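Chemist: Give the three-dimensional model of this entry:
(one chain, ligands or ions: 1)
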Amino acid sequence: MKPVEIAKGIYDVGVIDWNIRDFHGYSTHLGTSYNAFLVVDEKVTLIDTVKKEFTDQLIHNIATIIDPKRIDYVISNHTEMDHSGGLPRLMHKIGEDKPLYCSKLGVKNLARHFPQSWNYHAVATGDELSLGSRTLTFMETKMVHWPDSMFTYLKEDKILFSSDGFGQHYAGMENFDDQIGDAIMPHAKKYFANILLLYAPLILKLINKVIEFDLEIKMICPDHGIIWRKDPLKIINAYVEWSQQKPLPKAVVVYDTMWHSTEKLAHAIAAGIHTQGVEVHPMHLRKFHRSDIMTEVLDAGAVVVGSPTLNNGLFPTISDFLTYMKGLKPQNKLGMAFGSYGWSGEAVKMVQQALEAMKFEIIAPGIRIQYVPDQSDIDGCVQLGAKIRQALKG
Ligand code: FEO
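Modeler: Below is the predicted model of the structure:
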């Protein structure tokens, strides 16, 4: 990908990773991008780098605009290696003594990743750096997505370089929101649901801080995916909505199955839930990726989880999903467990306990069906689905 001039003298010099399909457990079925930004002013400044294996391309991209050695300052908004992996080669190329600006925790965390004694400058919220005709202002954004994370705001151009915030794992030829339209929103939602959901309370505070700072934002440049220039408020408002986690009349029926019995229960429960105005998604854990299921969980009012009992315990994919969902701390959910079993049947109780530990409101005791459900079992599941539907409709 060639660099793109996103505003006068400001370039996205990042790269597209078309082929990544698994980003530490998140399914990136279209790939992703690692955006990095070059600001050419009296002081030439690079904001973030890329994943290590793409460093040559980053340096090449910069070289099409300016000799990389002319970079005066490097900003690291976030230590995670998809944005810092290119630092060693980049710093070696431009001069190891060039100032490297990051948060105080950025200094600590970068030092845990890289042995080089770079010329670190720790910055805090409100600190400014003059580039000549332009000024950068820093804002610490702890836990969006790591403790070291920060945003960098380019005052004169009103551009917010937001690191992981407002990003999407999306690889495409489009660079801006106006080029892709609403088709980008599911990717932004998936990113939020799987990377940022557990920090939702902090995100609400952060957005209030941005409002307090009275920052005028013309463009938001995340480190992944497209840049928001037509309507930056659209993604800010979406973040507020997603962070509030107001439950919609929507249910996700997550399950796995060995001999289709738990599957039959799942479909019967889903049929009972479904009606006009109530969405329901039956999702088999070996057909849907956990990260796609979490995207549906984000705004669902109910999450119903079905597991067969295997070797006196949970089916392994259910354990995986419950662990994953627990870590992301979804709130305001109704929950229920179900499942088939042969002779011991512990799984349903274990699912219910896991949902209770996540503070889900248990709408009905878990349903356990031995071996294969008969018609009365199926009817019972449809009725329970109807009960969930009623609760979702309030
Ligand atoms: Fe895109 Fe938290 O790294």
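Chemist: Any idea how many residues pack against the residue in the stretch 101-250 of the chain that the ligand sits nearest to?
Modeler: For the stretch 101-250 of the chain and the ligand, the shortest gap (CB to the nearest ligand atom) falls at residue 145, measuring 3.9 Å. Every C-beta, even on glycine, is put in place using the N, C-alpha and C of the backbone. Neighbours of residue 145 under the rule other CB atoms under 10 Å: 20.
Chemist: residue contacts, it?
Modeler: Residue 145 sits next to 78, 80, 163, 164, 165, 195, 196, 199 when contact means CB atoms under 8 Å, 6 or more residues apart in numbering.
Chemist: Distance to the ligand and pLDDT for those - can I get that in JSON lines?
Modeler: Converted to JSON lines, the contacts of residue 145 look like this (distance: CB to the nearest ligand atom, whole Å; pLDDT from 0 to 100):
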{"residue": "78", "distance to the ligand": "6", "pLDDT": "98"}
{"residue": "80", "distance to the ligand": "4", "pLDDT": "98"}
{"residue": "163", "distance to the ligand": "7", "pLDDT": "97"}
{"residue": "164", "distance to the ligand": "4", "pLDDT": "97"}
{"residue": "165", "distance to the ligand": "10", "pLDDT": "96"}
{"residue": "195", "distance to the ligand": "7", "pLDDT": "96"}
{"residue": "196", "distance to the ligand": "9", "pLDDT": "96"}
{"residue": "199", "distance to the ligand": "11", "pLDDT": "96"}
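Chemist: which residues are in contact with the lengthiest helix in the chain?
Modeler: With secondary structure taken from DSSP state H, the chain has its longest helix at helix 375-393. Helix 375-393 has contacts (CB under 8 Å, 6+ apart) with 247, 249-251, 264-265, 268-275, 277-278, 301-302, 304, 334, 336, 338, 363-364, 367, 369, 373.
Chemist: Go ahead and build a ChimeraX selection from the buried members of those.
Modeler: To isolate the buried ones among the contacts of helix 375-393 in ChimeraX, judged by 16 or more other CB atoms under 10 Å, type:
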select :247,249,250,251,264,265,268,269,270,271,272,273,274,275,278,301,302,304,334,336,338,363,364,367,369,373
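Chemist: Which ones among the contacts of helix 375-393 map onto helices?
Modeler: 264, 265, 268, 269, 270, 271, 272, 273.
Chemist: gap between the helix or strand bottoming out on mean pLDDT in the chain and the chain center?
Modeler: The least trusted helix or strand in the chain, going by mean pLDDT, DSSP states H and E, turns out to be helix 200-212, with a mean of 88. Here helix 200-212 is found 17 Å from its chain centre; the criterion is CA atoms, centre = their mean, to the nearest Å.
Chemist: which other helices and strands contact that helix?
Modeler: The contact analysis (3 or more CB pairs under 8 Å, 6 or more residues apart in numbering; DSSP states H and E) places helix 200-212 against helix 232-244.
Chemist: Low-confidence regions, the stretch 51-200 of the chain specifically.
Modeler: Across the stretch 51-200 of the chain, nothing is flagged by pLDDT under 70.
Chemist: What is the burial count for residue 45?
Modeler: Quick note: residue 45 (other CB under 10 Å) scores 24 neighbours.
Chemist: Please report how far it lies from the ligand.
Modeler: Counting by CB to the nearest ligand atom, to the nearest Å, the gap from residue 45 to the ligand is 20 Å.
Chemist: Okay, and the beta partners of residue 75?
Modeler: The residues listed as beta-bridge partners of residue 75 by DSSP bridges are residue 47, residue 101.
Chemist: Closest to residue 174 out of the ones in helices among the contacts of helix 375-393?
Modeler: Nearest to residue 174 among the ones in helices among the contacts of helix 375-393: residue 270, at 35.2 Å, using CB to CB.
Chemist: Let's see the pLDDT reported for residue 219.
Modeler: For residue 219, the pLDDT comes out at 98.
Chemist: Residue 368 now?
Modeler: Looking at residue 368, its pLDDT stands at 98.
Chemist: got a list of what it touches?
Modeler: Residue 368 neighbours (CB under 8 Å, 6+ apart): 338, 339, 340, 341, 345, 348.
Chemist: quick one: contacts for the last one?
Modeler: Applying CB under 8 Å, 6+ apart, we find residue 348 in contact with 307, 309, 337, 338, 339, 341, 366, 367, 368.
Chemist: what do you get if the cut-off is 10 Å, keeping everything else the same?
Modeler: Shown in contact with residue 348 (CB atoms under 10 Å, 6 or more residues apart in numbering): 262, 305-309, 314, 336-341, 365-369.
Chemist: how far away is it from residue 203?
Modeler: 34 Å (CB to CB, to the nearest Å).
Chemist: What of residue 285?
Modeler: 28 Å.
Chemist: pLDDT on stretch 244-256, on average?
Modeler: pLDDT averaged over stretch 244-256 gives 97.
Chemist: Relative to the whole chain's centre, how far out is that stretch?
Modeler: 18 Å.
Chemist: Equivalent analysis for stretch 95-107, please.
Modeler: Distance, centroid of stretch 95-107 to centroid of chain: 26 Å (CA atoms, centre = their mean).
Chemist: Please apply the same query to stretch 190-210.
Modeler: With CA atoms, centre = their mean as the basis, stretch 190-210 stands 9 Å off its chain's centre.
Chemist: Pull out the buried residues from that stretch.
Modeler: Across stretch 190-210, burial judged by 16+ other CB under 10 Å covers 190-200, 203, 206-207, 210.
Chemist: Name the nearest of those relative to residue 62.
Modeler: Using CB to CB, the buried residues of stretch 190-210 come closest to residue 62 at residue 191, 26.3 Å.
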